[in-house]
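[1] Sequence first, then the predicted structure:
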Amino acid sequence: MLRHVDVALIGGTLALSLIGVVMVYSATRSQYGHYYLERQVIWVVLGMVIMVAVMAVDYRRLAAWGYAIYGLVVLSLVGVFVAGKSASDTFGAQRWYQFGPLQLQPSEFAALGLIIAVATYCSRRTGVLELREMVGIVVLAAVPLVLVYKQPDLGTTIILGVCLAAMLVAANVRARYLALLALVVVGGFGAAIHLHLLDQYQLDRLTNFLHQNTQLRSGNYDLYLSKVTIASGGFHGTGPFRGAATNLAYVPNQQTDFIFSAIGEQLGFVGAALVIGLFGIVSLRIMRAAQTARDSFGRLVCAGAFAFLAFSVFENIGMTIGLMPITGIPLPFISYGGSASFAFFATVGLVANVEMRRVSRR
């Protein structure tokens, strides 16, 4: 099986992680020295260990453990309301477990748990999924969706919804049922706005990017600074560690949500295109793994993984250049953070696992 390890998938992931380490350091060194660099290196190393561990266990065993993994994720999401940590600078968001100096955010693993659970549910059924099966999948997904939304974490909630939609399509649900579900989602979103179920700051984040030339000192302040910083990089960029806006911490949260602005300034259009190209390689390899998987469980896992990673990339880069609303979704393998790094490395490990073992199904 080792001869069938996807070198492009693993290599692309490691290359992105290396770029992430450099960019996190460049965005934080002027204020924090080596603090963020050392921690990000630890997250990447631990993430690689997790990836290898996930690759070592036959993914078909996860079909038997799927509901148990889902249950653990749900329990961790419930527990965060009891033993979790909140922060005043995140609108009271309660998302983390505190373990001494370390924080663990269980919502980052919610997508992975949902992907495995839905793949388990669908793989135990044959043929075209009917309305009853689709309702069962939606109910299964609704629990983590609601729990993540209540933290509140609107960005991750959207990610979970995208993963669910992709897996419903891959599971061969009838088109009319998918259209019905889309109407329900649109109607539900409209009702949530009408009934004020969305906080004003959440609604502002979803709509401010539609009016980018207004509220430059309030709602669109972060976006304005991000676009100016990226534009200052030009074609070739200023060079690593030489960006004035990055060195002066011009953009808030640059090591996390807005890390792509550091890439745009220091590496320019060329470097940004290289990063996007690496993400494209990783995404294409995940898509190929879904196409070549020898069972429905592996195919659905890869489809969910593709949606998880590809949409995270599209949303994060899109929000830094004004194409998407600002939702706080990290850029996979590049943004600073342990929980997100572990989740994305585990996702790549799971996809590599499926691809490695497709030869044993022939």
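    That came in fine, so what should we check first? Residues are numbered from 1 along each chain as shown.

[2] Show me the strands in the chain, by range?
    Assigned by DSSP state E, the strands in the chain fall at 85-86, 94-99, 102-104.

[3] Now do the buried residues in the last one.
    By neighbour count, and taking 16 or more other C-beta atoms under 10 Å as the criterion, the buried residues in strand 102-104 are Gln103, Leu104. Every residue, glycine included, has its C-beta placed from N, CA and C.

[4] Adjacent strands (with direction) for that strand?
    Applying DSSP bridges to the sheet, strand 102-104 is found paired with strand 94-99 (antiparallel).

[5] Listing request: residues of the stretch 51-200 of the chain with sub-threshold pLDDT.
    For the stretch 51-200 of the chain, applying pLDDT under 70 flags the ranges 84-95, 100-101.

[6] what are the ranges of the helices in it?
    62-83, 110-123, 131-149, 154-170, 175-194, 200-207 (DSSP state H, counting those that start in this stretch).

[7] Just say which of those helices is most tucked in.
    Mean neighbours per residue, mean count of other C-beta atoms under 10 Å, is largest over those for helix 110-123, with a mean of 25.

[8] quick one, that one and helix 62-83 angle?
    Counting by axes from the mean of the first three to the mean of the last three C-alpha atoms, to 10 degrees, helix 110-123 lies at 140 degrees to helix 62-83.

[9] what comes into contact with helix 110-123?
    Applying C-beta atoms under 8 Å, 6 or more residues apart in numbering, the contact partners of helix 110-123 are 62-63, 66-67, 69-70, 72-74, 77, 129, 133, 136-137, 140-141, 144, 147-148, 156, 159-160, 163-164, 167, 171, 295-297, 300-301, 304-305, 308, 343, 346-347, 350.

[10] what's the answer for stretch 291-300, then?
    Stretch 291-300 is contacted by residues 59-60, 62-63, 115, 118-120, 122-123, 167, 170-171, 289-290, 301-302, 354-355, 357-358, 361-362 when judged by C-beta under 8 Å, 6+ apart.

[11] Alpha carbons only: can I get it in PDB?
    Extracted as PDB, the C-alpha positions of stretch 291-300 are listed here (Å, rounded to 0.1, in the frame of the first residue of the first chain):
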ATOM      1  CA  GLN A 291     -13.600   8.900  -8.300                       C
ATOM      2  CA  THR A 292     -11.300   5.900  -7.800                       C
ATOM      3  CA  ALA A 293     -12.600   4.800  -4.400                       C
ATOM      4  CA  ARG A 294     -13.800   1.200  -4.500                       C
ATOM      5  CA  ASP A 295     -16.700   1.500  -2.200                       C
ATOM      6  CA  SER A 296     -19.400   4.000  -1.400                       C
ATOM      7  CA  PHE A 297     -18.100   4.800   2.100                       C
ATOM      8  CA  GLY A 298     -14.700   5.800   0.700                       C
ATOM      9  CA  ARG A 299     -16.200   7.800  -2.200                       C
ATOM     10  CA  LEU A 300     -18.500   9.700   0.200                       C
END
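
[12] What's the local residue count around Ser17?
    For Ser17, the tally of surrounding residues (other C-beta atoms under 10 Å) stands at 22.

[13] Quick one, grab the pLDDT at it.
    Note for Ser17: predicted pLDDT of 97.

[14] Ile50 - how many residues pack around it?
    Considering only other C-beta under 10 Å, Ile50 is surrounded by 18 other residues.

[15] and it, what does it touch?
    Ile50 neighbours (C-beta under 8 Å, 6+ apart): Phe342, Phe345, Ala346, Gly349.

[16] need these in CSV with neighbour count, distance to Ile329 and pLDDT, can you?
    Listed next are the contacts of Ile50 as CSV, based on neighbours: other C-beta atoms under 10 Å; distance: C-beta to C-beta, whole Å; pLDDT from 0 to 100:
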residue, neighbour count, distance to Ile329, pLDDT
Phe342, 21, 16, 95
Phe345, 26, 17, 97
Ala346, 20, 17, 97
Gly349, 25, 21, 96
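
[17] mind listing which of those are in helices?
    Counting by DSSP state H, the part of the contacts of Ile50 found in helices is Phe342, Phe345, Ala346, Gly349.

[18] Skipping adjacent residues, who's closest to the last one in space?
    Okay, so that is Gly349. Once flanking residues are discounted, Gly349 sits nearest to Val54: 3.3 Å by C-beta to C-beta, 6 or more residues apart in numbering.

[19] give me the number of residues near that neighbour?
    Using other C-beta under 10 Å, Val54 has 20 neighbouring residues.

[20] which one of the helices of the stretch 51-200 of the chain lies closest to Gln255?
    helix 154-170 (16.9 Å; C-beta to C-beta).

[21] helices or strands up against the closest one?
    Judged by 3 or more C-beta pairs under 8 Å, 6 or more residues apart in numbering; DSSP states H and E, helix 154-170 is in contact with helix 110-123, helix 131-149, helix 175-194, helix 200-207, helix 296-321.
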